[in-house]
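[1] Give me coordinates for this.
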Amino acid sequence: MLPALHDVQYALGWLPGAALETVGAHLRVPKSEVYGVASSFPDFLLAEPAEHVQRVCSGAACRMAGAVDLGTQSVGQADCLFICGVAPASEVDGRLIGRGGRTIDVPRRKEGPEVLVQDGSCSRAVADTAHAGGRSVGCAGNCWQAPAISRDGGTTWAGPTGGELWAKPGEPRLLRDVGRKDPLEDRSYKALERAQSLGSDGVWQLVRDSGLRGRGGAYFPVGAKWETARNTPSQQKFLLVNAEEGEPGIYKDRHLLEGDPHRVLEGAFIAALGIGATNVVIFVNGEARLAQERLLAALETARRLGVAGVWIEVRLGAGGYVLGEETALINAIHGLRAEPLARPPFPAVSGLQSSPTVINNVESLANLPDIVLNGAQWFRSVGTASNPGTKLVSLSGAVHHPGLYEVALGTPLERIVDECGGGASGELGAVLVGGPSGSILPPSLLETPLDVETLQAVGGVLGAGGIVPLTTNQCVVQTVRELVAYNSRESCGKCTPCREGTVRMRDLFDDLRSGHAASDALESIDDLNDVLQYASLCGLGQMAPNPVRALLRHFPDVVGEHLRGHCAVGVCTSNGVSG
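    The predicted structure follows:
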């Protein structure tokens, strides 16, 4: 269903009713079901778009940077355009534009291959890097510097006209080759050869001993998930690579796919061997166009080199935060609405085509080549005892150097902001950690280590690794209201607690912002938090209370002011100022 709908929208620009009926007839599916599926994905257009379409990003980093209207005929809102490092971002007729439309002219010189030219989504949003000469490589993490060039093999970077030299902080593992090598040049796949010599049992044992935990947000031990699928008898087993990454403020997986797609593919082949998978499906966000392009090109190279020994397919999504839930993702691939299923059975027992299916995140799989080549103890040499290894962090907002960074798990938030982000760009008022299902923390908690348990202890959530510092001129109530509203828009609507509860929570926050909250508003919010957490069917509803609870815990004075009809920052309607 999804590929057919993508084909029609690509050809026509939208999905008219007659086309939906044709798709249904071709697939022998009732047209009501085709409409139901198409309407459940936000990227599918059921009404003919205007001749020129602009979307302005309303994500936290873009609001922080002063999101702008570029003045085209039709203006819409995007929850995130995933180029947070060059905020504020817009999209005009399918083209991403960063920094509010302030583009940079890159000299079109015939640079030699020794000059590396940063060529990722952030770079293309601010300059024509595709024709800049030199050798195109991915973004080394220095989105703030885009479009950047390196004349020393990727050790240091500078802007196209010179200026400050920047070097990647720390000792990166996953990002080691990103920004140093052409993403599409042939690779040796040495780790896969080593894995094949170890065999399926040896690979699984090695991954289990490494202590690698999934990097998609749940942090479930990878080896344990594999073990369930390995122990489930079936002639067909799937590895499903989740590269949907539809979470605002998170752009790590796209960054990896743009800058080092072979690492991700090699990790997928190693995982398939360790699981005993007969099939691999990679599900990529439908709007991650450059990531798609480079992944498909790398896959063709892998097939030409003869290393793609397992059946592998790339599928495109069409938006939807709920696709972070495993069974919703499986339903989408099956051609159904992106709605979660009650569990058990768990996907590792019965998933795609009712077969054992392991769902692994892109970042999780990118760790596997290093684990195979260097061993479990090497992997455990950084990080924490319970969560070893490194973590990719999408850093944006009020920092001098927004971009993608790799840090050892357990690194204090303050060090990430200061050493990676170049320090705060203003007086800090709060820090968003973990995306729309994450939390909002005060600056006093910046010494908290970046890890699952330590963040949970202070009412935080690590999530997929997004960090957005906010200055004191950003209202924390307004910020959390936007997260609540996002969760309400993204609810699939299947279960009542999430469908109705997230909308009711948004309404309560609107009353709070307008100064019209009832005297028992906080009690109502607390009760609603419990209903969402304990009665929702999947993680979207269950995790939706996280930012609200963190706000009430860490910013009670600010919430109290809003209950009295006053916003000290002056951005809420309680002050008579449009928010």
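[2] Show residues contacting the helix or strand bottoming out on mean pLDDT in the chain.
    Least confident helix or strand, the chain: strand 74-78 with a mean of 77, by mean pLDDT, DSSP states H and E. Residues outside strand 74-78 that contact it (Cβ atoms under 8 Å, 6 or more residues apart in numbering): 49-50, 52-59, 69, 91. For the C-beta atoms, the positions are set from N, CA and C on the backbone; glycine is no exception.
[3] And whichever helix or strand comes after it, what does it pack against?
    With elements assigned by DSSP states H and E, the helix or strand that comes after strand 74-78 is strand 90-92. With contacts defined as 3 or more Cβ pairs under 8 Å, 6 or more residues apart in numbering; DSSP states H and E, the packing partners of strand 90-92 are strand 53-57, strand 95-97.
[4] Tell me which strands the longest one pairs with, and in which orientation.
    The partner list of strand 53-57 in its sheet, established with DSSP bridges, is strand 74-78 (parallel), strand 90-92 (antiparallel).
[5] Could you report the distance from residue 312 to residue 188?
    Separation of residue 312 from residue 188 (Cβ to Cβ, to the nearest Å): 19 Å.
[6] So between these two, which is more surrounded?
    residue 312 (20 against 11; other Cβ atoms under 10 Å).
[7] Not counting its neighbours along the chain, what's nearest the more buried one?
    residue 280 (4.2 Å; Cβ to Cβ, 6 or more residues apart in numbering).
[8] Let me see the mean pLDDT of stretch 2-13.
    Per-region confidence: stretch 2-13 scores 95 on mean pLDDT.
[9] List the buried residues in that stretch.
    Under the neighbour-count criterion of 16 or more other Cβ atoms under 10 Å, stretch 2-13 has 2, 4-6, 8-9 buried.
[10] repeat for stretch 187-196
    Going by 16+ other Cβ under 10 Å, stretch 187-196 has these buried residues: 187, 189, 191-192, 194-196.
[11] Return the subset of the residues you listed lying in helices.
    Among the buried residues of stretch 187-196, the members found in helices (DSSP state H) are 191-192, 194-196.
[12] could these go into JSON lines alongside distance to residue 385 and pLDDT?
    Listed next are these as JSON lines, based on distance: Cβ to Cβ, whole Å; pLDDT from 0 to 100:
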{"residue": "191", "distance to residue 385": "25", "pLDDT": "97"}
{"residue": "192", "distance to residue 385": "29", "pLDDT": "97"}
{"residue": "194", "distance to residue 385": "26", "pLDDT": "97"}
{"residue": "195", "distance to residue 385": "26", "pLDDT": "97"}
{"residue": "196", "distance to residue 385": "31", "pLDDT": "96"}
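[13] between those residues, which is nearest residue 303?
    residue 192 (13.5 Å; Cβ to Cβ).
[14] So the closest one is in contact with residue 272, correct?
    No. Taking contacts as Cβ atoms under 8 Å, residue 192 lies outside contact range of residue 272: 10.0 Å.
[15] Distance check, residue 406 against residue 379.
    Residue 406 is 14 Å from residue 379, by Cβ to Cβ.
[16] How about residue 15?
    Residue 15 is 46 Å from residue 379, by Cβ to Cβ.
[17] and what of residue 127?
    37 Å.
[18] host element of the residue of the chain most remote from its centre?
    Residue farthest from the centre of the chain, counting by Cα atoms, centre = their mean, is residue 519 at 38.0 Å. Counting by DSSP H and E, there is no helix or strand that carries residue 519.
[19] try residue 468
    In this assignment (DSSP H and E), residue 468 forms part of strand 466-471.
[20] Pairing partners for that strand, with directions?
    Strand 466-471 sits in its sheet next to strand 390-395 (parallel), strand 428-433 (antiparallel), going by DSSP bridges.
[21] Pull the distance from that strand to the chain's centre.
    Distance, stretch centre to chain centre, for strand 466-471: 15 Å (Cα atoms, centre = their mean, to the nearest Å).
[22] Residue 475 is in contact with residue 569, isn't it?
    Yes. Taking contacts as Cβ under 8 Å, residue 475 lies within contact range of residue 569: 4.3 Å.
[23] Between the two, which is the more surrounded one?
    Comparing residue 475 with residue 569 by neighbour count (other Cβ under 10 Å), the higher total belongs to residue 475, at 26 against 19.
[24] what is the mean pLDDT for stretch 344-363?
    96.
[25] Any chance you could list what contacts it?
    174, 214-216, 222, 225-226, 228-229, 232, 234, 236-243, 245, 252-253, 256-257, 264, 271, 275, 277, 279, 281, 326-327, 329-330, 333-334, 392.
[26] related to what we said a few turns ago, can I get the buried residues of stretch 187-196 in JSON lines including distance to residue 501?
    Shown next, in JSON lines, are the buried residues of stretch 187-196 (distance: Cβ to Cβ, whole Å):
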{"residue": "187", "distance to residue 501": "48"}
{"residue": "189", "distance to residue 501": "48"}
{"residue": "191", "distance to residue 501": "45"}
{"residue": "192", "distance to residue 501": "46"}
{"residue": "194", "distance to residue 501": "49"}
{"residue": "195", "distance to residue 501": "45"}
{"residue": "196", "distance to residue 501": "49"}
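[27] from the residues you listed, which is closest to residue 547?
    Closest approach between those and residue 547, by Cβ to Cβ: residue 191, at 38.6 Å.
[28] okay, and for the stretch 101-250 of the chain, where does confidence drop off?
    For the stretch 101-250 of the chain, applying pLDDT under 70 flags the ranges 102-112, 130-132.
[29] typed the wrong thing, it's the stretch 301-450 of the chain
    Using pLDDT under 70, the stretch 301-450 of the chain has no residue that qualifies.
[30] can you map out the helices along it?
    For the stretch 301-450 of the chain, helices defined by DSSP state H, counting those that start in this stretch occupy the ranges 326-333, 362-366, 368-374, 376-380, 413-415.
[31] Redo those as TSV? Include mean neighbour count.
    Shown next, in TSV, are the helices of the stretch 301-450 of the chain (neighbours: other Cβ atoms under 10 Å):
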stretch	mean neighbour count
helix 326-333	24
helix 362-366	27
helix 368-374	23
helix 376-380	17
helix 413-415	19
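[32] Identify whichever of the ones you listed lies nearest to residue 165.
    helix 413-415 (21.3 Å).
[33] by contact count, what packs against the closest one?
    Using 3+ Cβ pairs under 8 Å, 6+ apart, helix 413-415 is in contact with no helix or strand.
[34] next one: that helix to chain centre, how far?
    Averaging C-alpha positions (Cα atoms, centre = their mean) puts helix 413-415 21 Å from its chain's average.
[35] what's in contact with that helix?
    Helix 413-415 has contacts (Cβ under 8 Å, 6+ apart) with 407, 431, 433, 441, 445-450, 467.
[36] For PyMOL, what selects the buried ones among the residues you listed?
    To isolate the buried ones among the contacts of helix 413-415 in PyMOL, judged by 16+ other Cβ under 10 Å, type:
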select buried, resi 407+431+433+441+445+446+448+449+450+467
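[37] between the contacts of helix 413-415, which is nearest residue 508?
    Using Cβ to Cβ, residue 441 comes nearest to residue 508 of these, at 21.8 Å.
[38] Provide a list of residues in contact with the closest one.
    By Cβ under 8 Å, 6+ apart, the contact list for residue 441 reads 413, 430-431, 433, 448, 458-460, 550, 554.
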